[in-house]
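# just need the structure, nothing else, for what follows:
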Amino acid sequence: MRTFEYRLYPTRQQESLLMQCLVESRNLYNEMLGATKKQYEESGKFLFKYDLNKLFAGRSGEHVPASTVQCLADRLDKALRRFLARKEFDEKVGFPRFKKPNQWHSIHLRQFEGVFDFSLDNRYLIVPKKLGRNIKIKMHRPIEGLPKTCHLVLRADRHWYALIVCDVEETKECEDGCKHKEIGIDVGLKTFLTDSDGETVVNPRFFRKAQKTLRIKQRKICRRKKGSKRRQKAARCAAKTHLKIERQRRDFHFKVVKKYVDKFKLIAVEGLNIEGMVKNRCLAKSIMDAGWGQFISILKDKAESAGHQVVEVNPAYTSQECWKCGEIVQKSLSVRTHICPHCGYVADRDVNAAKNILARAKRAGAQPSGVKPSVGKVSLRSRCRKG
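Down below sits the predicted model:
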């Protein structure tokens, strides 16, 4: 499955219909959640997808397509099942919440046998009449595969976008005679990444650079009266800055990924526990600003499309272990050079770590990216000192 994003250019009348659908669909979702809670209080059982579809059949109203109501039931069903699944493992998890206006930004359309809620016709996205029928769309790139679902999303810049999810053909496999090399990548905070060839990529720190602008805009929000139009306008202004940071970071990740996917058939990375690492309050902001999780996710997707492979390895002691002799050389985060007293090997600590990552991937037999080799536990303190 692959998602294609396109900008929409609705007329004023179409934009009004889309906004009314957005409001009513949110109200329907909240009503479904309220009915589920009430059912649980009375009988001790939740209402899942089929129960909700039966209960809310014919409730689409003037502005919400009938299939969108089914998508809302499916969305709540998935949220409930995720909640129950995590509850079984005694994980800290909250129950699905009622959605506020600033937490609801998309309208879900889908296609299934005999029903086609959307289609593409040259310059137009054809949607149900309740949403305005023919909405102008900018197809800046050709679509691939068979369209399955479409999300009409209103972003912070107040523009509408169509996210079309397509079922694409199976990805190609790299030929046996592939001449591409292998490489290990060590992500960090001082530099975004260092590879086993000694090359580095500078950490752009998009959020850090925008902090001064965000501070001014957020203080402006606090000065406005709650519930006023001016406060809403100030909040939209701050949201635009966050959207810009998100887009800058994503664009940067795609460019770095392309550089490595085009050149290397095997890319070794660390299987980082990012959720545990961000519990370190001193480094959490910098880790989230770097966006390691998004980078590795994009890397896996693009490598699979190119027929190449991404392998995750155990991250324990990759910076401490000597690549030449395998001895553990303890050093603090401030020490940026690896000097082995056993064999005399000297290298940048990140280059040494990247070479260890590649060596572990080769020893593991190049398992697929979704399969991690069985390794011992890594303490949170040792991983939070990633630099």
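
# list the contacts for the spatially most central residue of the chain?
Nearest to the mean C-alpha position of the chain, by C-alpha atoms, centre = their mean, lies residue 294 at 5.5 Å. Going by C-beta atoms under 8 Å, 6 or more residues apart in numbering, residue 294 touches 249-250, 253. For every residue, glycine as well, the C-beta is placed using N, CA and C.

# and it, what pLDDT?
pLDDT, residue 294: 93.

# what's the helix or strand for it?
For residue 294, the element it lies in under DSSP states H and E is helix 292-306.

# tell me the buried residues in that helix?
The neighbour-count check on helix 292-306 (16 or more other C-beta atoms under 10 Å) flags 292, 295-296, 298-304, 306 as buried.

# contact partners of stretch 3-14?
18, 125, 131-132, 135-141, 143-144, 152, 159-166.

# any idea which of the buried residues of helix 292-306 is closest to residue 66?
residue 301 (33.1 Å; C-beta to C-beta).

# domain assignment for this protein?
For the chain, automatic domain parsing gives the domain ranges 2-167, 181-205+246-384.

# quick one: those domains as a markdown table, columns for distance to residue 233 too.
Converted to a markdown table, those look like this (distance: least, C-beta to C-beta, whole Å):
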| stretch | distance to residue 233 |
| --- | --- |
| domain 2-167 | 11 |
| domain 181-205+246-384 | 21 |
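
# which one of the ones you listed lies closest to residue 223?
Among the domains of the chain, domain 2-167 sits nearest to residue 223 (C-beta to C-beta), with 19.0 Å.

# ends of that closest one, how far apart?
This stretch, domain 2-167, spans 7 Å end to end (C-alpha to C-alpha, to the nearest Å).

# and residue 358, how close does it get to residue 161?
39 Å (C-beta to C-beta, to the nearest Å).

# again with residue 214
In terms of C-beta to C-beta, residue 214 sits 23 Å off from residue 161.

# so for these two, which sits in the more crowded spot?
Neighbour tally, residue 214 and residue 161, criterion other C-beta atoms under 10 Å: the higher count belongs to residue 161, 17 against 14.

# would the more buried one count as being in a helix?
No. The assignment for residue 161 (DSSP: H, G, I helix; E, B strand; the rest coil) gives strand, which keeps it out of a helix.

# spatially nearest residue to it (excluding sequence neighbours)?
Nearest non-adjacent residue to residue 161, counting by C-beta to C-beta, 6 or more residues apart in numbering: residue 153, 4.9 Å away.

# same check, this time on residue 352
Residue 352 sits nearest to residue 338 (C-beta to C-beta, 6+ apart), 4.2 Å away.

# what do you get for residue 345?
residue 324 (4.0 Å).

# contacting residues for the one you found?
Counted by C-beta under 8 Å, 6+ apart, residue 324 has contacts 340, 343, 345.

# quick one: the last one and residue 337 touch, right?
It stands for residue 345. No. Contact between residue 345 and residue 337 fails when scored by C-beta atoms under 8 Å: they sit 10.9 Å apart.

# sorry, back to before: just the buried residues of the contacts of stretch 3-14.
18, 125, 131-132, 135, 137, 152, 160-162, 164, 166.

# which other residues reach stretch 56-74?
Outside stretch 56-74, the residues touching it (C-beta under 8 Å, 6+ apart) are 17, 20-21, 24-25, 28-29, 31-32, 49, 52-53, 107-110, 112, 115, 117, 128, 130-131.

# just the buried ones from those residues, in PyMOL syntax?
In PyMOL syntax, the buried subset of these is picked out as below (16+ other C-beta under 10 Å):
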select buried, resi 17+20+21+24+25+28+29+31+32+49+52+53+107+108+109+110+117+128+130+131
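
# among the contacts of stretch 56-74, name the ones in helices.
Those of the contacts of stretch 56-74 mapping onto helices are 17, 20-21, 24-25, 28-29, 31-32, 49, 52-53, per DSSP state H.

# neighbours of residue 51, how many?
With other C-beta under 10 Å as criterion, residue 51 counts 17.

# residue contacts, it?
Contacts of residue 51 by C-beta under 8 Å, 6+ apart: none found.

# which residue packs closest to residue 292, ignoring adjacent ones?
Using C-beta to C-beta, 6+ apart, the nearest residue to residue 292 is residue 187, at 5.1 Å.

# next up, the contacts around that neighbour.
193, 269-270, 272, 290, 292, 295-296, 386.

# distance to residue 258 added to those residues, as JSON lines?
JSON lines is the format used below for the contacts of residue 187 (distance: C-beta to C-beta, whole Å):
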{"residue": "193", "distance to residue 258": "14"}
{"residue": "269", "distance to residue 258": "16"}
{"residue": "270", "distance to residue 258": "21"}
{"residue": "272", "distance to residue 258": "22"}
{"residue": "290", "distance to residue 258": "18"}
{"residue": "292", "distance to residue 258": "18"}
{"residue": "295", "distance to residue 258": "12"}
{"residue": "296", "distance to residue 258": "15"}
{"residue": "386", "distance to residue 258": "24"}
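
# what is the nearest of those to residue 208?
residue 290 (10.2 Å).

# shouldn't that closest one be in contact with residue 190?
No. At 10.5 Å, residue 290 does not count as touching residue 190 under the criterion of C-beta under 8 Å.

# what do those two both touch?
Shared contacts of residue 290 and residue 190, counting by C-beta under 8 Å, 6+ apart, come down to residue 203.

# those two: which has the busier surroundings?
residue 290 (25 against 15).

# give me the number of residues near the nearest residue to residue 52 once chain neighbours are set aside?
Of all residues not flanking residue 52 in the chain, residue 73 sits nearest, at 3.8 Å (C-beta to C-beta, 6+ apart). Residues near residue 73, counting by other C-beta under 10 Å, number 24.
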